[in-house]
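*Asks:* Show me the folded form of this:
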Amino acid sequence: MPCPAKPLTFGLRAQSGIRCHHKIVDMADITIPAALLPADGRFGCGPSKVRDEQIAFLASLQPSTIGTSHRQASVKNLVGSVREGLADLFRAPEGYEILLANGGATTFWDTAVHSLIERRSQHLAFGEFGAKFGTAAAAAPWLEAPDVRKADAGSRSEAAPTEGIDVYAYPQNETSTGVMAEVRRVHGDAGTLTVVDATSAAGGLDFDASETDVYYFSPQKNFASDGGIWFALVSPAAIERIERIAASGRYIPETLSLAGAVTNSRQNQTLNTPAIAPLAMMDEQVRWMNANGGLSWAAARTAESAAVLYDWADRTSVATPFVADPTHRSNVVVTIDFDDSVDAAAISTALRANGVVDTEPYRKLGRNQLRIATFTAIEPDDVRALTGCIDYVLERLG
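*Replies:* Okay, the predicted model is just below:
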C-alpha cells in the first residue's frame, strides 16, 4: 500500500521529512540517480547560474584590468563594451543611452525618488519589489503621496492614466511571485515618463524599448552576474527630466544623482570605484546573447524552459501553476504550488541534497511552492531534467 504523502509538521511547515506509516522519510537521504540529474543544478532566482565562459573571461582580465585604476583605459573600455552591447541587445532607439552606477535596483529606487520623480508617481504593486519602489516614493517629503495600485500575489494590477502623475512605474517581471507584465507606455499627462523595473526580466524577456523611458535593472539575473551595479536604458525625455530636476535646486545626494550618472556613464565610468567582476561577467554574457541572436533568441530560450515547467505542472496531479492567468505567467521565474498532500519544502530539501539548488519559494510569500528560475543562462534541457528529479522525489513520497 503506497504511503500517503502527508506533511510532517513541527509547528511550522515540514522541514525535511515526511511521515510514512509512522516512519519518517528523510528527504536528505533520497539519492536521485545520476542519469536524471541536470548537468548544472543551479535554478536560483538571483544570484543566478553563472556560465563557465564568464568566469574564464573574468580570469583573463588578470592582471591587465583587475586591480588597476578605474579611471584608465582598461576599465573604461570594459564599461564601454557593456554599454554598447546592451544598446545592441535592447535595439535602443535613436537618442536612448545606457547609464550605470554603483548600487543595485534598491539604490535606483532612492535615486529615482531624488532625481526622476518631479511631483507624483503611480506604482503597480503586484509583488514585493514593485511595492518597495512605491514605499520609497511615499517616504519622500518633497513628493506628493504616490498612487499605489496593488494586486494580490499571483495576479497583477494595471496602470491607469491619472492627472498629475509624472512617473508611471511597474515591474516587467515580479521576481517574488512569477508574474509577468508587458512593457507598454502609459499615455498620461504631457511629459509623463514610463519607468520599468526589469531586474529579473532584462536579457530574458523581449520588449519594445520605445515603449519605456527608463528600463532599469541589476545584473544578477538573466545577465548571470553579481550585484552591486544598476544599469538603465533611458530615453531623451528621461534625460531632459533628469537634467531639469538637477537644475531645480532640489537637494540630491551625489550618490543618488541621475545627472551625475549621465555625466559619468558618457565617460564610461562610475562615480565611485566599480566592481570589476560584475562588469566582466556582464560583458561576456551580453556578447554571448548578441552572438546567438540577441534578445529574441534569449526570450525564445526562456519561454521554452518555462513551458517545460508549466506543462509539467498542468499534467501533475499534485501541482499547479501559482499564477492562474496563463498570459500573466512569467517566462523567467516560474512558481508552482503543491496541494496539501505534498510538502514543497521537503522536495527542495531532497533536491538540494542532490546538488539541485535554490528551488525554494520567495521567503516572504509563505506558500507551499517551488520557485524556479528559467533565466537565459539556464539550459532548457536542465529544466527538463529538473522535472524528472521532482517526479523521482514525488514517487519516493507516495
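*Asks:* Could you check how far the longest helix along the chain is from the centre of its chain?
*Replies:* Longest helix in the chain, counting residues (DSSP state H): helix 294-315. Counting by Cα atoms, centre = their mean, to the nearest Å, helix 294-315 is centred 16 Å from the centre of its parent chain.
*Asks:* tally of neighbours for Leu58?
*Replies:* For Leu58, the neighbour count with other Cβ atoms under 10 Å is 21. Every C-beta, even on glycine, is put in place using the N, C-alpha and C of the backbone.
*Asks:* Can you verify my assumption that it contacts Ala277?
*Replies:* Yes. Counting by Cβ atoms under 8 Å, Ala277 is a contact partner of Leu58 at 5.8 Å.
*Asks:* same for the longest helix of the chain, what does it pack against?
*Replies:* Contacting helix 294-315 under the criterion 3 or more Cβ pairs under 8 Å, 6 or more residues apart in numbering; DSSP states H and E are the following elements: helix 73-89, helix 276-292, strand 319-321, strand 333-338, helix 380-397.
*Asks:* List the pairing partners of the shortest one within its sheet, with orientation.
*Replies:* For strand 319-321, sheet partners with direction are given as strand 333-338 (antiparallel), following DSSP bridges.
*Asks:* so how far is the following helix or strand past the strand it pairs with off the chain centroid?
*Replies:* As assigned by DSSP states H and E, the chain's next helix or strand after strand 333-338 is helix 344-353. In terms of Cα atoms, centre = their mean, the centre of helix 344-353 is found 23 Å from the chain centre.
*Asks:* Partner strands of the helix or strand that helix 344-353 is followed by, with direction?
*Replies:* Counting by DSSP H and E, the next helix or strand C-terminal to helix 344-353 is strand 369-373. Partners of strand 369-373 in the sheet, by DSSP bridges, are strand 333-338 (antiparallel).
*Asks:* and the angle for the longest helix of the chain with strand 333-338?
*Replies:* Angle, helix 294-315 to strand 333-338, by axes from the mean of the first three to the mean of the last three Cα atoms, to 10 degrees: 0 degrees.
*Asks:* What ranges does the stretch 1-150 of the chain have for its strands?
*Replies:* Under the criterion DSSP state E, counting those that start in this stretch, the stretch 1-150 of the chain contains strands at 6-7, 17-20, 23-26, 97-102, 121-125, 147-150.
*Asks:* Give the rounded mean pLDDT of the shortest one.
*Replies:* Per-residue pLDDT values over strand 6-7 give a mean of 35.
*Asks:* can you count the residues close to Ser248?
*Replies:* 9.
*Asks:* now do the one 10 residues further on
*Replies:* The local packing count at Leu258 equals 27, with neighbours defined by other Cβ under 10 Å.
*Asks:* any idea how far Glu243 is from the nearest residue to it once chain neighbours are set aside?
*Replies:* Once flanking residues are discounted, Leu258 sits nearest to Ser115: 3.7 Å by Cβ to Cβ, 6 or more residues apart in numbering. Applying Cβ to Cβ, to the nearest Å, the value for Ser115 to Glu243 is 10 Å.
*Asks:* Which residues are in contact with each of those two?
*Replies:* Ala259 (Cβ atoms under 8 Å, 6 or more residues apart in numbering).
*Asks:* Please say which of these two ends up with more neighbours.
*Replies:* It is Ser115, of Ser115 and Glu243, that has more neighbours when counted by other Cβ under 10 Å, with 23 against 15.
*Asks:* Now Ala306. Nearest residue, chain neighbours left out?
*Replies:* Leaving aside its sequence neighbours, Ala306 sits nearest to Asn331 (Cβ to Cβ, 6+ apart; 4.2 Å).
*Asks:* so when I look at that neighbour, I'm seeing a strand, right?
*Replies:* No. Counting by DSSP: H, G, I helix; E, B strand; the rest coil, Asn331 falls outside a strand, being coil.
*Asks:* Look up phi and psi at it.
*Replies:* In this entry, Asn331 is assigned phi and psi values of phi -100, psi 0 (degrees, to the nearest 10).
*Asks:* pretty sure it is touching Leu205, no?
*Replies:* Yes. Using Cβ under 8 Å, Asn331 is in contact with Leu205, at 6.2 Å.
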